[in-house]
Every structure is written in structure tokens, then in C-alpha cells.
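Asks: Build the 3D model from these lines:
(one chain, ligands or ions: 1)
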Amino acid sequence: MLFQVEMTVKLPPEMPAEQAAEIKAREKEYAQELQRQGKWRHLWRVAGSYANVSIFDVRDNAELQEIVAGLPLFPWMEIGVKPLCRHPSSIRDDDS
Ligand SMILES: O=C(O)CC1=CCC(=O)O1
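Replies: Okay, here's the model as predicted:
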């Protein structure tokens with residue numbers, strides 16, 4: 001199942017820089033492993049903001065929830081999820 005997920009990061013300004021850097025490093029490692037597994041299919045920065053738009057390819061809602069809740073930045077994110085399905089005019093056959 002494909003989902004569009006928009007994540008907006010809102011770290012508190014009073015968070016020490018070292019702590020923020022450590023959380024971001026863990027976030028990067030987590031995100032890159034899921035990309036290697038093919039579950040995190042696209043990761044795009046929303047230009048001009050500390051936010052991303054991502055496409056996940058997961059088994060079901062429960063797996064998406066597990067992945068998103070495991071994000072190291074999860075406690076400091078606003079997250080919006082939209083389920084996706086094939087568009088009848090799409091010419092691609094690899095976007096299951
Ligand atoms: O920077 C972000 O948008 C938050 C994030 C998600 C995956 C990652 O590596 O950073």
C-alpha cells in the first residue's frame with residue numbers, strides 16, 4: 001500500500017544543538033535503512049521549510065504506524081497521511 005506522508009519538524013528552540021544533531025543523525029540512519037528496504041520510496045524536502053513529503057510502500061496501515069512512530073524525530077513532528085492508489089491515466093506500471 002502506498003501512502004503520502006508529510007512531516008513537519010518542530011524542534012523546540014531551547015533544545016541543545018548537540019541533542020538536536022544526535023536525533024537528526026539517528027533519523028537519517030533510520031530513513032536510509034527504510035529506503036534501502038524499499039519501504040520509504042521517495043523523500044523530498046519541501047522547499048523553504050523544515051518539512052518533507054515522502055512516499056511509503058508498506059504492507060498496511062499498521063506497518064506505516066509502526067514506521068512513523070519509530071522515527072527519532074516523531075515526538076517533534078506534525079504528520080499528515082494520505083492513502084494513494086493508481087491513477088487510471090498513469091503510464092507507469094511500477095507504481096503498484
Ligand atoms: O528533515 C526532515 O524532513 C526529517 C527527516 C525525515 C527523514 C530524515 O532523514 O529527516
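
Asks: you'd agree residue 44 is up against residue 6?
Replies: No. At 9.9 Å, residue 44 does not count as touching residue 6 under the criterion of C-beta atoms under 8 Å. The C-beta positions use only the backbone N, C-alpha and C, and glycine is treated the same way.

Asks: Pick out whichever of these two has more residues nearby.
Replies: residue 6 (16 against 11; other C-beta atoms under 10 Å).

Asks: is the more buried one in a bridge, and if so with what?
Replies: Per DSSP bridges, the residues bridged to residue 6 are residue 53, residue 80.

Asks: Give the burial count for residue 13, as a bare number.
Replies: So residue 13, with other C-beta under 10 Å, has 6 neighbours.

Asks: From residue 40, how far out is it?
Replies: Relative to residue 40, residue 13 is positioned 28 Å away (C-beta to C-beta, to the nearest Å).

Asks: do you know how far residue 47 is from the ligand?
Replies: As judged by C-beta to the nearest ligand atom, to the nearest Å, residue 47 and the ligand stand 12 Å apart.

Asks: Let me know how buried that residue is, in neighbour terms.
Replies: Residues contacting residue 47 under the criterion other C-beta under 10 Å number 6.

Asks: so what's it scoring on pLDDT?
Replies: Per-residue pLDDT puts residue 47 at 98.
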